[in-house]
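K.L.:
Predicted model and sequence follow; I will ask about them next.
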Amino acid sequence: MHNNSRIKDILRLVLKAYGKDLRPFKSTRPIDELIRTILSQNTSDTNSLKAFAVLKKSFNSWEGLLGTDTSKLARLIEHAGLANIKAKRIKEVLLEIKRREGRLSLGVLKNMGSPEAISYLRSLKGVGPKTAACVLLFSFGKPVMPVDTHICRVTKRLGLIPKDLSIEEAHEHLTDMTPKSLIYDFHLGIIEHGRKTCKAQNPRCGVCLLYGLCRFKEKSFYKGE
DNA sequence: TGCCAGGCCGGGT
DNA sequence: ACCCGGCATGGC
């Protein structure tokens, strides 16, 4: 637990600046979360949420999705981009869950430890470290940090993790070093920090003030600031 | 106009 | 164990 005090510092600043904007934890249904997260892979929120809304509207239950052919599914989710890949992933992942569990449910994860649950999810083709972490955190409240490209960049820049970590290693490091009860807030806070105010340096944001962490500088940082 | 968004897989070294 | 190309829409 090397960087423990530093991460607490940063957590405090992030929560002070953005805590009030974060939606409180409310667990989402695991299959919903899984589908939503696959749609979000390498895709903006607005596009993936639009596609998810179309899917929800198209099916009474996800059982209905299993009988739909993949090309038709791809048309339904075209707003999300990468639609052919995602349609195939969603359908095959759901089929595999149904095959394993006898029904379309991830309830089996509830009583698993995090490592076991991660292995289970990642053995589904199309589910990588980020998608697995989202399901475990947002549906089951397990202390697992989802790391996307933005979080990876920012935490490296903050010096919380070494710059040469792969994204998979970053998941492990950040999960380990963040106090369990704060993983959810930290994840959302960093996302919020990037999404909103800190396109330029924000005079009310302690993270920007202390660490110069405004979004517009990220590119130059990664070209070797 | 080009770049990038809450990734992941498969194939090559 | 890494590295890379492919996948593809919409917003700025």
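P.N.:
Good, I have the coordinates.
K.L.:
Please make it C-alpha for all contacts and neighbour counts, starting now.
P.N.:
Noted.
K.L.:
what about dumping the CA coordinates of stretch A:86-93 to CSV?
P.N.:
Presented in CSV, the C-alpha positions along stretch A:86-93 are these (Å, rounded to 0.1, in the frame of the first residue of the first chain):
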residue,chain,number,x,y,z
LYS,A,86,-21.1,-5.5,-30.1
ALA,A,87,-24.2,-7.3,-31.4
LYS,A,88,-22.3,-10.5,-31.6
ARG,A,89,-20.7,-10.0,-28.2
ILE,A,90,-24.0,-9.2,-26.4
LYS,A,91,-25.8,-12.1,-27.9
GLU,A,92,-23.1,-14.7,-27.3
VAL,A,93,-22.4,-13.5,-23.8
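K.L.:
Quick check: mean pLDDT of it?
P.N.:
Average pLDDT, stretch A:86-93: 98.
K.L.:
contacts for that stretch?
P.N.:
Stretch A:86-93 is contacted from outside by A:35, A:38-39, A:65-66, A:70-71, A:73-74, A:77, A:124-126, using Cα atoms under 8 Å, 6 or more residues apart in numbering.
K.L.:
repeat that for 10 Å
P.N.:
A:34-41, A:62, A:65-78, A:80, A:83, A:95-96, A:98-99, A:121, A:123-127 (Cα atoms under 10 Å, 6 or more residues apart in numbering).
K.L.:
ChimeraX command for the buried members of those residues?
P.N.:
Selection of buried members from the contacts of stretch A:86-93 for ChimeraX, criterion 16 or more other Cα atoms under 10 Å:
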select /A:34,35,36,37,38,39,40,41,62,65,66,70,73,74,76,77,78,80,83,95,96,98,121,124,126,127
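K.L.:
What pLDDT does the model give the nearest residue to A:Tyr211 once chain neighbours are set aside?
P.N.:
Excluding its sequence neighbours, the residue lying closest to A:Tyr211 (Cα to Cα, 6 or more residues apart in numbering) is A:Leu158, at 7.0 Å. As predicted, A:Leu158 sits at a pLDDT of 84.
K.L.:
Pretty sure A:Leu158 sits against A:Leu11.
P.N.:
No. The criterion here is Cα atoms under 10 Å, and A:Leu158 misses it with A:Leu11 at 11.4 Å.
K.L.:
Looking at those two, which is more packed in?
P.N.:
A:Leu11 (23 against 17; other Cα atoms under 10 Å).
K.L.:
Thought A:Tyr184 was touching that one, still the case?
P.N.:
No. Assessed by Cα under 10 Å, A:Leu11 is found out of contact with A:Tyr184, at 11.2 Å.
K.L.:
Report the distance from stretch A:156-173 to the chain centre.
P.N.:
16 Å (Cα atoms, centre = their mean, to the nearest Å).
K.L.:
Also stretch A:105-123?
P.N.:
With Cα atoms, centre = their mean, you get 16 Å for stretch A:105-123.
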